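Participant: Turn this into a structure:
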Amino acid sequence: MENKNYTDKKFWDEYFNRHEHKPSIVENSLFSDIFDKYLTADENKTVLEIGCADSNFLCYLAKKFGYQAYGIDYSEAITKTAELFKFNSLPEPKLYKEDLFSWRPDIKFDLVCSFGFIEHFDDINPIIKKHAELVAPGGKLIVTLPHFAHFQYFLHWMIDRDNLKKHNTKIMNLGSIRNALINSGLKIEHLSYYKTFGFWTERNNLNQWGKILNWGIIKFGKVVTKIFGYNRPNFLFSPHIVCVAVKG
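Facilitator: Take a look at the predicted model:
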């Protein structure tokens, strides 16, 4: 049975057109603490980002760790990735404007990563397996996804139900991710929810009631963070799930 994709190329092309922004100097990155803990600088290593269109992550990894950069995405916005590297005076990345599942590269990569990719599919097992196939022996896999399940589901349901429909919230738990990694023959180094609280909405046309709800959620998050601290991963409120795995 075909694996359902909750989005398509048309959706992403339109998304990136709506969120178009100019390239900037990349100095910081979300998940930088994870990168610092599990990665080491090496100009001989390669990194592949799956879903790299208009992403800062690939640029940050190349800049911080010296990795030779590769990226794949079927969106037209993949050109933005090349522009960002040029703006940051980095070597031109090798980019593939192709569908991941029909792509057959002739090399494996020391680091394969995706940030907000796997949750757009109905079955993550073949998605993780495809990631793992691209990792060189001894290489690492880093996968992150937003956490819109548990109490976060309720918050997003109130504000942004359309966006929820683009995500498979059933797999947004550590057990589902753990099973998919193990089934792909990977050894888990890190698997956890990320940070204490965070919330965002893709909607830019909130009505007055929506704006009040959004304000209340942000205020609630500040209270939770003040009580428990900024870095207290939990299954109720954490906004992301992060995993790091190694291919034996």
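Participant: for stretch 151-162, which positions count as buried?
Facilitator: Neighbour counts using 16 or more other C-beta atoms under 10 Å place 152, 155-156, 159-160 of stretch 151-162 among the buried residues. Every C-beta, even on glycine, is put in place using the N, C-alpha and C of the backbone.
Participant: the strands in the protein, which residues?
Facilitator: 46-50, 68-72, 94-96, 109-115, 135-146, 186-194, 240-247 (DSSP state E).
Participant: mind checking which of those is nearest residue 21?
Facilitator: strand 109-115 (16.8 Å; C-beta to C-beta).
Participant: For the protein, give me the ranges with low pLDDT.
Facilitator: Within the chain, the ranges that satisfy pLDDT under 70 run 1-2.
Participant: quick check: longest helix of it.
Facilitator: If you go by DSSP state H, the chain has its longest helix at helix 208-228.
Participant: Tell me which residues of that helix come out buried.
Facilitator: Applying a neighbour-count criterion of 16+ other C-beta under 10 Å, one finds 213-214, 217, 221, 224-225 buried in helix 208-228.
Participant: Packing partners of that helix?
Facilitator: Helix 208-228 sits against helix 151-159, with contacts defined as 3 or more C-beta pairs under 8 Å, 6 or more residues apart in numbering; DSSP states H and E.
Participant: So which elements touch the helix it packs on?
Facilitator: With 3+ C-beta pairs under 8 Å, 6+ apart as the test, helix 151-159 has helix 161-164, helix 208-228 packed against it.
Participant: For the residue nearest to residue 165 when sequence neighbours are not counted, the count of nearby residues, please.
Facilitator: Spatial nearest neighbour of residue 165, chain neighbours left out: residue 6 (7.1 Å); criterion: C-beta to C-beta, 6 or more residues apart in numbering. Residues within reach of residue 6, counting by other C-beta atoms under 10 Å, total 14.
Participant: Over to residue 205?
Facilitator: The number of residues near residue 205, taken as other C-beta under 10 Å, comes to 5.
Participant: do the same with residue 190
Facilitator: 12.
Participant: Grab the nearest non-local neighbour of it.
Facilitator: Distance criterion C-beta to C-beta, 6+ apart; nearest residue to residue 190, sequence neighbours excluded, is residue 244 at 4.0 Å.
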